[in-house]
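Q: sharing a sequence plus its predicted fold:
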Amino acid sequence: DENHYNIKWDGQTLTLKGAKITTIDETSDYGLAQSAAIYYDEATDLEIVLEGDNTVTGPDASSGGDSSSYGIHVDDEVTLTISGSGSLTATGGDATPNSGGESYGIYTWGDAIITSGTVTATGGAAEFQSHGIYATGHVTISGGAVKATGGAVTSSEEDGGDASSGIYANIVTISGGEVTAMGGAVTSSGDNARSCGIYGGDWLNDNVIISGGTVEATGGTFTSTSTDTEANAGSYGIYGAGFYGTVISGGTVTASGGTVTASGGSGALGGDIY
């Protein structure tokens with residue numbers, strides 16, 4: 001009822017109050033098999049408010065082809081905001097052994113904003129992409145405690161952009177809170193594969209902007225089987241892909257790339273901050 005519930009939806013705000021959400025259902029989107037514990041495809045912004053401890057768990061992907069699993073999947077270019085006094089654990093299921101499979105703890109086509117609460121987002125094992133938090137737009141964190149972890153990625157695609165990241169977006173902005181971001185282990189023959197704690201991919205702006213808070217970013221172990229001597233692949237704590245890269249003006253930042261093993265003449269590299 002109005003005062004006793006685990007899940008409340010009022011058309012704009014989703015309040016989770018000691019909720020446990022799982023699913024085995026698949027939603028068909030662009031011909032792909034995708035499974036999500038929370039799937040949102042409206043054209044309006046979504047706010048999730050946390051009370052108590054909440055878990056959102058996507059199932060292991062079981063269908064062939066481009067199967068993917070999500071804890072939370074926002075399928076529109078809107079803003080997802082997470083706040084509250086509680087906690088959220090969002091986990092994507094394992095996407096292997098499906099060719100091209102992906103796994104995400106939190107995924108949005110738009111922007112993701114975290115202002116408070118304790119948020120743990122984890123991607124599962126995959127054969128293409130696995131990320132704790134993924135946004136095609138911006139990820140903005142101004143408070144709370146955020147732990148984002150990418151899962152293990154194993155791929156034999158030579159031209160693939162295989163990746164595992166704790167946080168992956170065009171632009172990542174952190175001004176407060178406690179943020180721990182870790183990329184998973186990646187084994188790939190792709191010439192553009194990488195494992196990153198934090199990845200910012202906008203080529204025309206500052207990609208990763210840190211002005212406050214406590215940030216720890218760690219790249220995972222990277223094993224390259226590529227023979228490309230100029231491969232743009234490796235493991236990085238923080239990777240700013242654009243012209244302006246990473247900008248740090250405040251806060252406490254610890255960044256470290258993972259161990260890189262390259263075979264067959266690969267040009268795979270690694271670093272703490274790029």
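A: Structure's in. What do you need? Residues are numbered from 1 along each chain as shown.
Q: got the CA positions of stretch 112-119 in PDB?
A: These are the backbone C-alpha positions of stretch 112-119, laid out as PDB (Å, rounded to 0.1, in the frame of the first residue of the first chain):
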ATOM      1  CA  ALA A 112      23.700   8.700 -15.800                       C
ATOM      2  CA  ILE A 113      23.800  10.900 -12.700                       C
ATOM      3  CA  ILE A 114      24.600   9.600  -9.200                       C
ATOM      4  CA  THR A 115      24.200  12.100  -6.300                       C
ATOM      5  CA  SER A 116      24.000   9.900  -3.200                       C
ATOM      6  CA  GLY A 117      23.500   6.400  -1.900                       C
ATOM      7  CA  THR A 118      25.700   3.400  -2.200                       C
ATOM      8  CA  VAL A 119      25.800   2.000  -5.800                       C
END
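Q: show me what contacts I210?
A: Going by CB atoms under 8 Å, 6 or more residues apart in numbering, I210 touches 173-175, 246-251, 253. Yep, even glycine has a C-beta here, placed from its N, CA and C like the rest.
Q: what's the lengthiest strand in the chain packed up against?
A: With DSSP state E setting the assignment, residue counts place strand 32-40 as the longest strand in the chain. The helices and strands touching strand 32-40, judged by 3 or more CB pairs under 8 Å, 6 or more residues apart in numbering; DSSP states H and E, are strand 20-22, strand 27-29, strand 53-57, strand 68-74.
Q: hang on, the earlier thing: and the contacts of I210, which are buried?
A: When the contacts of I210 are checked for burial by 16 or more other CB atoms under 10 Å, the buried set is 173-175, 246, 248, 251, 253.
Q: between those residues, which is nearest T115?
A: S175 (10.3 Å; CB to CB).
Q: quick one: the strands in the stretch 151-274 of the chain?
A: 153-155, 163-169, 171-174, 178-182, 186-188, 194-200, 208-210, 214-218, 222-224, 234-240, 246-248, 252-256, 260-262, 269-273 (DSSP state E, counting those that start in this stretch).
Q: winner for burial among these?
A: strand 194-200 (a mean of 34; mean count of other CB atoms under 10 Å).
Q: any stretches of the protein with poor pLDDT?
A: Within the chain, the stretches with pLDDT under 70 are 24-33, 62-66, 96-100, 156-160, 228-232, 264-267.
Q: which residue is nearest the middle of it?
A: The C-alpha lying nearest the average C-alpha coordinate of the chain belongs to I133 (CA atoms, centre = their mean; 2.6 Å).
Q: just checking, that residue touches T120?
A: No - between I133 and T120 no contact is recorded; they are 10.2 Å apart, counting by CB atoms under 8 Å.
Q: common neighbours of the two, please.
A: Between them, I133 and T120 share the neighbouring residues 105, 146, 148, with contact defined by CB under 8 Å, 6+ apart.
Q: what's the closest of those residues to E42?
A: Of all the shared contacts of I133 and T120, E42 sits closest to G105, with 20.8 Å by CB to CB.
Q: tell me who's in contact with the nearest residue to the closest one once chain neighbours are set aside.
A: In space, G105 comes closest to A121 once its chain neighbours are excluded; the distance is 3.1 Å by CB to CB, 6 or more residues apart in numbering. Applying CB under 8 Å, 6+ apart, we find A121 in contact with 71, 90-91, 105-106, 132-133, 146-149.
Q: show the buried residues in the residues you listed.
A: When burial is judged by neighbour count using 16+ other CB under 10 Å, the buried members of the contacts of A121 are 71, 90-91, 105-106, 132-133, 146-149.
Q: closest one of these to V78?
A: I106 (13.7 Å).
Q: my guess is the closest one contacts V139. True?
A: No - judged on CB under 8 Å, I106 makes no contact with V139 at a distance of 9.3 Å.
Q: joint contacts of those two?
A: With contacts taken as CB under 8 Å, 6+ apart, the residues that reach both I106 and V139 are 112, 133.
Q: thinking again about what came up before, now the angle between strand 53-57 and the following helix or strand past the longest strand of the chain, please.
A: Beyond strand 32-40 in the direction of the C-terminus, DSSP states H and E gives the next helix or strand as strand 46-51. Strand 46-51 and strand 53-57 are oriented at 130 degrees to each other (axes from the mean of the first three to the mean of the last three CA atoms, to 10 degrees).
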